[in-house]
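Chemist: My questions are about this predicted structure, shown below with the sequence.
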Amino acid sequence: MTRYSALGLLRGVFNGHSHWQPAWRDPEPKANYDVVIIGGGGHGLATAYYLASVHGIRNVAVLEKGWIGGGNTGRNTTLVRSNYRLPQLHNFFEFGLKMWEHLSDELNYNVMFSPRGAMFLGHSDADMTRLAERGDAMRVSGIDAELLSRDQVAKLEPLLDMSRSARFPIEGGLIQRRGGTARHDAVAWGYARGADRLGVDIIQKCEVTGFVRQGDAVVGVETTRGRIGAGRVAICVAGHSGHVAAMAGLKLPVESQTLQALVTEGVKPMINGVIMSQSLHCYISQSDKGGIVMGGDPDNWPSYAQRGQPMVTEGAIAQAIALVPSLSRLRMLRTWGGVTDMSFDGSPIIGTTPVPNLYLNGGWCYGGFKATPVSGWTYAHTLATGTPHPLNAPFDLDRFRRGDTIDENGVGPMPNHR
Amino acid sequence: MLLITCPHCGARAQAEFTYERTVDSIVQPGADPAQAMEQLFARTNPRGPDEEVWRHTFGCRAWLVMTRHRVTHAIEAIRAVGPETLP
């Protein structure tokens, strides 16, 4: 398979771009693999890539019921950041953020990572206290965080409503300048190409319908394309974690809900970085094509439908317009919804399960995209060695029983009660 | 948006209702720790019908139990919850 380079592009000028080959194969499933990964999203493909590239395990299949990157990898708002308060979370995501910084080189695929700055706005004294607390917690762990005054915020994002009579007056902010956005499809495709090149079979239109058991242990999967044997089976299906785990008789601390997002028509540059808020739940950024990408709360009731209610997007839009009034002039281009697996402490689950040979990566709530590289890195380590990487050890499934939850928002045992 | 028939008020827009939890996740008084754990932290989360507790929060404020399909959103049954008929 050819390496992508400027020279390759130049070559295309002379041959009418006729030399490009498919970036990955379309193989028939083999009878047996060392590791079968269920779910061909960014996380599953990254896991396969690191299994092959770091751990030398190349007899790997990624099974995807639809097409790769067609689930939540293609349904998010592409934000990348590591500005969490709790050390388990910010250490995990910071490792990931450092991976993002070199990902395009690593994969020889432009993932268009753009560290344009991720800023939380504060709207009150209480907000600013919490932002300072979060920033301090990050800096103690060596992660960049900078508390901003009103004037600094106004300078960074001139279109914010900074007036005292604003619906949500802005008192300051907290910025992580290394945060930003990336190109979602490119992440899935880059990992797919990298994994395929190392011998991983990416098998699309192949839905898992059950597990093959030998005693307690899982020794393979039943699929719409036949039975496939496996040394280890890795669940990596985001919103459908509960559905797949149920086939192995497991009940998870997860409830599936819809998360929506939307994009406006393309306009000239008007939003410089990523705008979020300590009190509100809306996030605003501008894509490289010029569309303003916005998102908000999940719909707050269980659904697998991949479509949400206009009522919820309306709430997010109202908040965004209150912050940036000129957004009211734009027309909405598209909205979409994804199935998110809302975990009961708001943190992901990566590790072993009570079923031998069966591993779980899920519970990403609405924050999975930014974790794609580190999720794959730690999950691959867990699969290859049978024990978790220090970074994902705190995120085991058993933590709920131990009362050792990682509850960034302090909300208790319900998904998304804010 | 769903059209939800409140047992007390009739058909109303979903905007008046809030979802609470599933019926099997209500922790009963006197539950032993293992049971309480199961009810707090384990969900069937089916890609099909489940029994859910909702509340007509912005209406008559009464609780109700709804059997609803989580892919099609079709509501199969709604029953009232009161002192005599707990979920």
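Modeler: Happy to help now that I have it.

Chemist: Where does A:S241 sit, in terms of helix or strand?
Modeler: Using DSSP states H and E, the element containing A:S241 is helix A:241-247.

Chemist: Please name the nearest non-neighbouring residue to the residue of the stretch 151-300 of chain A found nearest chain B.
Modeler: Proximity of the stretch 151-300 of chain A to chain B (C-beta to the nearest C-beta) peaks at A:G242, 3.2 Å away. (Glycine included, C-beta is placed from N, CA and C.) Ranked by C-beta to C-beta, 6 or more residues apart in numbering or on different chains and with sequence neighbours excluded, the top spatial neighbour of A:G242 is B:N45, at 3.2 Å.

Chemist: Give the helix, strand or coil label for the nearest residue to A:T385 once chain neighbours are set aside.
Modeler: Ranked by C-beta to C-beta, 6+ apart and with sequence neighbours excluded, the top spatial neighbour of A:T385 is A:H55, at 7.9 Å. The three-state label for A:H55, taken from DSSP: H, G, I helix; E, B strand; the rest coil, comes out as coil.

Chemist: Next up, the contacts around the residue of the stretch 151-300 of chain A closest to chain B.
Modeler: A:G242 makes contacts with A:251-252, A:254-256, A:341, B:43-47, as judged by C-beta atoms under 8 Å, 6 or more residues apart in numbering or on different chains.

Chemist: Got the confidence number for it?
Modeler: Model confidence at A:G242, expressed as pLDDT, equals 95.

Chemist: and if you look at B:G82?
Modeler: In this model, B:G82 is scored at 80, pLDDT.

Chemist: Confirm it sits in a strand?
Modeler: No - B:G82 is assigned coil when assessed by three-state DSSP, not a strand.

Chemist: list the contacts for A:L45?
Modeler: Listed by C-beta under 8 Å, 6+ apart, the contact partners of A:L45 are A:62, A:68-69, A:188, A:191-192, A:195, A:202, A:376.

Chemist: can you give me the helices in the stretch 101-250 of chain A?
Modeler: Secondary structure of the stretch 101-250 of chain A, counting by DSSP state H, counting those that start in this stretch: helices at A:125-140, A:150-156, A:184-197, A:241-247.

Chemist: Can you tell me which of the ones you listed is packed in deepest?
Modeler: Between these, the one whose residues have the most neighbours on average, counting mean count of other C-beta atoms under 10 Å in any protein chain shown, is helix A:184-197 (a mean of 24).

Chemist: just checking, what packs against it?
Modeler: The criterion is 3 or more C-beta pairs under 8 Å, 6 or more residues apart in numbering or on different chains; DSSP states H and E, and the helices and strands that helix A:184-197 contacts are helix A:42-53, helix A:87-107, strand A:201-203, helix A:372-385.

Chemist: still on that earlier bit, my guess is the residue nearest to A:T385 contacts A:A384. True?
Modeler: Yes - proximity of A:H55 to A:A384 meets the contact threshold set by C-beta atoms under 8 Å, at 3.8 Å.

Chemist: When the two are compared, which one has more neighbours?
Modeler: Higher neighbour count among A:H55 and A:A384: A:A384, with 18 against 15, using other C-beta atoms under 10 Å in any protein chain shown.

Chemist: right, and that one touches A:R58 too?
Modeler: No - here A:A384 lies out of contact with A:R58, judged by C-beta under 8 Å, at a distance of 11.5 Å.

Chemist: hey, what's in contact with both of these two?
Modeler: Overlap between the contact sets of A:A384 and A:R58, as judged by C-beta under 8 Å, 6+ apart, is given by A:L51.
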